[in-house]
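[1] Got a predicted model here, sequence first, then my questions.
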Amino acid sequence: MPKSFLPIEPGSLEDLFLTDELEGSDANEGEDGSDPDFEIEEPVDLDEFEVEDAEGSIPGSTEESIPVWTLKCNQCYAVVNRQGMRVHLVADESVQLYSANHSGEVEEKGDEVKFSTCDCKIRKTCCGACSQEVGYRVTSPCSLCMSAQNNGHYWMFTDVSASVQYLDGRLVVWEAQE
């Protein structure tokens, strides 16, 4: 089973929020122009599959691959992030949602508040196109969440539509982290 959460070093949290938008930026491109955070899996005939089958598997994925998801606002269908990962909460594994390593097309709204299942502090996020609430950003992770295995993503999406990404018939997946 792939691990949805990857460790993050304490003290490196600030580094996560210093990056600009990834779209349109050459800062994250590899020498060949590709994005070093993503890999491409083997080709899949998309006409043979639904996005997920009855068991919830994604065509072209393996136990080791973690698909990259495009996240859209449920109200206006604008893309709010192109680097989503399907995850579960560290403090409550029954809660599934999507996380991302950057803000995408969202705006933070309201004051920082304590999260309901742990001591993390969060601010809600809204779609940049229509202002509909789409999730939250963890502004200050608690000791429980920081001590558990996590993926280092602090942009969480709860009210979005999601679709896996394919490029030339191949599933786009997150690069394996060691």
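    In hand now; what should we look at? Small disclaimer: the values here were computed from a predicted structure and weren't measured.
[2] all contacts plus neighbour counts: C-alpha atoms, from now on.
    Noted.
[3] For the chain, give me the ranges with low pLDDT.
    Applying pLDDT under 70 to the chain flags residues 1-63, 176-178.
[4] Can you show me the helices along this structure?
    With DSSP state H, the ranges of helices along the chain come out as 13-16, 143-147.
[5] residues touching Pro67, list them.
    For Pro67, the contact set (Cα atoms under 8 Å, 6 or more residues apart in numbering) comprises 61, 85, 164-165, 171-174.
[6] Turn these into JSON lines, columns for neighbour count.
    Putting the contacts of Pro67 into JSON lines (neighbours: other Cα atoms under 10 Å) gives the following:
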{"residue": "Ser61", "neighbour count": "17"}
{"residue": "Met85", "neighbour count": "27"}
{"residue": "Val164", "neighbour count": "21"}
{"residue": "Gln165", "neighbour count": "19"}
{"residue": "Leu171", "neighbour count": "24"}
{"residue": "Val172", "neighbour count": "23"}
{"residue": "Val173", "neighbour count": "25"}
{"residue": "Trp174", "neighbour count": "19"}
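[7] Which ones among the residues you listed map onto strands?
    85, 164, 171-174 (DSSP state E).
[8] between the residues you listed, which is nearest Trp155?
    Of all those, Trp155 sits closest to Met85, with 10.4 Å by Cα to Cα.
[9] looking at it, that closest one is touching Gln96, isn't it?
    No - Met85 is beyond contact range of Gln96, at 10.5 Å (criterion: Cα atoms under 8 Å).
[10] before we move on, back to that, farthest pair within the ones in strands among the contacts of Pro67?
    Most distant of these, by Cα to Cα, are Met85 and Leu171, 13.3 Å apart.
[11] can you give me phi and psi for Ser116?
    Phi and psi for Ser116, reported as degrees, to the nearest 10, are phi -80, psi -30.
[12] neighbours of it, just the number please.
    A count of neighbours around Ser116, defined by other Cα atoms under 10 Å, yields 10.
[13] Ok, Glu107 next?
    For Glu107, the count of nearby residues is 20 (other Cα under 10 Å).
[14] Any idea what it is bridged to?
    Cys126 (DSSP bridges).
[15] Many thanks, have a good one.
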